[in-house]
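Novice: Need a 3D model of the following:
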Amino acid sequence: DELEVVFYDLTTVGVSAEGVLEGDLRAWGKAKAHAGTERQFVVGVVQTADGLPITHDVFEGNVSEPETVRGIVEGLVARFALRRLILVADRGLLTEDNLQILEQLKLPGGRAVEYIVAVPARHYTQMTKVIGTLHPQLVQASRTTGQEALIEAELEHGRRLVVAHDPETATQMHRARQQQLRGLCALSDELRSKLDAQDAGERARGRALTDHGAKLRFHQAVAERRLSRILQVDAEAALFSWSFNLKAYREAWQRDGKLVLITNVPKADLDTAGVVQRYKALADIERGFRVLKSEIEIAPCYHRLPDRIRAHTFICFLALVIHRVMRLRLRANRPDLTPLALLEQLKRIQYHEVRLGTGKRLRGPTTLKPEQLEWFEVLEVEAPTHKRLQQAV
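Specialist: Numbers count the residues shown, from 1 in each chain. Presented below is the predicted three-dimensional model:
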């Protein structure tokens, strides 16, 4: 049963409103669409393995992903007659408390809830030794085949650690980091040269640079590139200086191209490759979120009242369901078409009302061309006629 495997993720929806209400869903939180914070609310979506959204929930804008998981899973258990549930979720879900919550939840038949969850970057440090041990084996395997290499290790409490190494992604990440490091070294040289010139008595336009100011500017540049563990500014020194942490550099290099997953699904039910494949299918929810925000235009939201925000989200969620049903039927009948392209064609069909000089009114839809009739056949939907429209009303 495909409903045994469900995918769960969150997105943030920006709002445009002021004031604070009782039970307000609008709160300042970290935005997913860009770096920084904004006033927003959060939408959690659950979809099936074939990409069909089945339920959603709305949370306050400052909620953390782990806080949402219990209610989502309990809601699934209550609404659907599940014999088995495997929850696939992104990095934000992984905390030890959350894994224990999932493992303690039981289905009506007594079976525990299972999961496949990615390990976020901030947790990699807890597994540095494991990653360092597995890294040479993964690199050797990928060099032999030229493709992604997979390996797994056993963890406590019956959990499995699955690691995938993509050599192409690893190379891109390593080159990007090298470029950033070269840029920071050039900035360091520029700051040192300016300080040395000032010490030699040379005058330059603008405010004079101090060692403290140079340290702040360099530290900010390093932090923006998330390289603070590798390039460490000496805050206690009187003069501008920094050091290179070779150990942190090697650990970052070993993490390049790695996808690290934790699961409690027995290997007999899902092998290493199957775990990775299931997790990568989670990206389909991200595509659904892009549809919500671009084509369906869920954001920005101008409602203030919590009930209206929930109603707005519900209508947009229903539109997403229709969009995904269209996608499923197009894939089966016309894989060369996308929902967006077909909707642009369907917009040409209009409902007209004409009033004659005699006072008589004529109503009806546009006369459909053969290709337009074919679109409805592809979607497995009856073509609109005046009679059907009247019956629908």
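
Novice: switch to C-alpha atoms for all contacts and neighbour counts from now on
Specialist: Fine.

Novice: Tyr279 - that's part of a strand, no?
Specialist: No - counting by DSSP: H, G, I helix; E, B strand; the rest coil, Tyr279 falls outside a strand, being helix.

Novice: Check it and give its pLDDT.
Specialist: pLDDT, Tyr279: 92.

Novice: tally of neighbours for it?
Specialist: 20 (other CA atoms under 10 Å).

Novice: same check, this time on Arg160
Specialist: Neighbour count for Arg160, taken as other CA under 10 Å: 20.

Novice: cool, and Val354?
Specialist: With neighbours defined by other CA under 10 Å, the count for Val354 comes to 11.

Novice: just to confirm, which helix or strand has it in it?
Specialist: Under the criterion of DSSP states H and E, Val354 resides in strand 351-355.

Novice: which neighbours does that strand have in its sheet, and in what orientation?
Specialist: Applying DSSP bridges, strand 351-355 is found paired with strand 361-365 (antiparallel).

Novice: Can you list the helices and strands that the helix or strand just after the strand it pairs with packs against?
Specialist: Following strand 361-365 in sequence order, the next helix or strand is helix 370-379 (DSSP H and E). Counting contacts by 3 or more CA pairs under 8 Å, 6 or more residues apart in numbering; DSSP states H and E, helix 370-379 is packed against helix 306-333.

Novice: tell me the angle of the helix it packs on relative to helix 370-379?
Specialist: Orientation check (axes from the mean of the first three to the mean of the last three CA atoms, to 10 degrees): helix 306-333 against helix 370-379 gives 100 degrees.

Novice: Next, the buried residues of helix 306-333.
Specialist: Across helix 306-333, burial judged by 16 or more other CA atoms under 10 Å covers 306, 309-310, 313-314, 316-317, 319-321, 323-328, 330.

Novice: neighbours around the closest residue to Asn333 other than its chain neighbours, how many?
Specialist: Nearest-residue entry for Asn333: Val378, 5.8 Å, with adjacent residues in sequence omitted and distances by CA to CA, 6 or more residues apart in numbering. A total of 16 residues lie near Val378 under the criterion other CA under 10 Å.

Novice: ok, now the one 3 residues further on?
Specialist: When neighbours are defined as other CA under 10 Å, Val381 has 10 of them.

Novice: Which of the three states applies to it?
Specialist: Of the three states, Val381 takes coil under three-state DSSP.

Novice: Going forward, count from 563.
Specialist: With the count now opening at 563, the last piece we talked about shows up as Val943.

Novice: confidence score at it?
Specialist: Model confidence at Val943, expressed as pLDDT, equals 91.

Novice: Val577 too?
Specialist: With respect to pLDDT, Val577 scores 92.

Novice: To what extent is the residue nearest to it when sequence neighbours are not counted buried, counted in neighbours?
Specialist: Nearest residue to Val577, sequence neighbours excluded (CA to CA, 6+ apart): Cys863, at 4.6 Å. Counted by other CA under 10 Å, the residues lying close to Cys863 total 17.

Novice: residue closest to the middle of this protein?
Specialist: Geometric centre of the chain, nearest residue: Glu848, 5.1 Å, by CA atoms, centre = their mean.

Novice: Give me the below-cutoff pLDDT ranges for the stretch 763-912 of the chain.
Specialist: Judged against pLDDT under 70, the stretch 763-912 of the chain has no low-scoring part.

Novice: how much space between the residue nearest to Val577 and Gln602?
Specialist: Going from Cys863 to Gln602 by CA to CA, to the nearest Å gives 9 Å.

Novice: Need the overlap of contacts for these two.
Specialist: 575-577 (CA atoms under 8 Å, 6 or more residues apart in numbering).

Novice: just the helices in the stretch 763-912 of the chain please.
Specialist: Secondary structure of the stretch 763-912 of the chain (DSSP state H, counting those that start in this stretch): helices located at 773-786, 808-817, 834-842, 845-856, 868-895, 901-908.

Novice: got CSV for these, with distance to Thr630 too?
Specialist: Below are the helices of the stretch 763-912 of the chain laid out as CSV (distance: least, CA to CA, whole Å):
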stretch, distance to Thr630
helix 773-786, 30
helix 808-817, 29
helix 834-842, 19
helix 845-856, 17
helix 868-895, 16
helix 901-908, 31
